[in-house]
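my questions concern the predicted model and sequence given below.
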Amino acid sequence: MQDFFENVSRYPRYLISLILGIFFALFERLNPLWKNPLTAIALAGMLVGIFAFLYFTLEAMLGLNAA
């Protein structure tokens with residue numbers, strides 16, 4: 001039974017490693033785009049747009065609107 005709990009305790013570490021690996025791989029692919037001012041502006045706009053989309057979507061789904 002102890003082996004079971006030891007195995008289950010590894011899953012959160014695996015999840016964190018997986019998420020960090022995805023972010024690092026994405027960062028490495030997008031890093032050269034920051035060197036050109038035009039693509040840097042486009043990339044920053046896309047990141048702000050994605051954040052705004054997620055924020056407003058979650059706000060509407062959770063019913064946090066003041067209206």
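Thanks, I have it.

show me how far the host helix or strand of Leu47 is from its chain's centre.
Element membership for Leu47 (DSSP states H and E) is helix 37-62. Relative to its parent chain, helix 37-62 has a centroid offset of 12 Å by CA atoms, centre = their mean, to the nearest Å.

may I see the buried residues of it?
When neighbours are counted by 16 or more other CB atoms under 10 Å, no buried residue of helix 37-62 is found. Every C-beta, even on glycine, is put in place using the N, C-alpha and C of the backbone.

ok, stretch 8-15 next?
Going through stretch 8-15 with 16+ other CB under 10 Å, nothing comes out buried.

try stretch 23-37
Taking 16+ other CB under 10 Å as the basis for neighbour counts, none of the residues of stretch 23-37 comes out buried.

contacting residues around the closest residue to Leu30 other than its chain neighbours?
Leaving out its chain neighbours, the residue that sits closest to Leu30 by CB to CB, 6 or more residues apart in numbering is Leu43, at 6.4 Å. Residues near Leu43 by CB atoms under 8 Å, 6 or more residues apart in numbering: 30, 33-34.

at 10 Å instead, please
Residues touching Leu43, when contacts are defined by CB atoms under 10 Å, 6 or more residues apart in numbering, comprise 30, 33-34, 36.

how does the chain divide up, domain by domain?
1-33, 36-67 (automatic domain parsing).

any chance of CSV for those domains, columns mean pLDDT?
Formatted as CSV, the entries for those read as follows, by pLDDT from 0 to 100:
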stretch, mean pLDDT
domain 1-33, 91
domain 36-67, 91
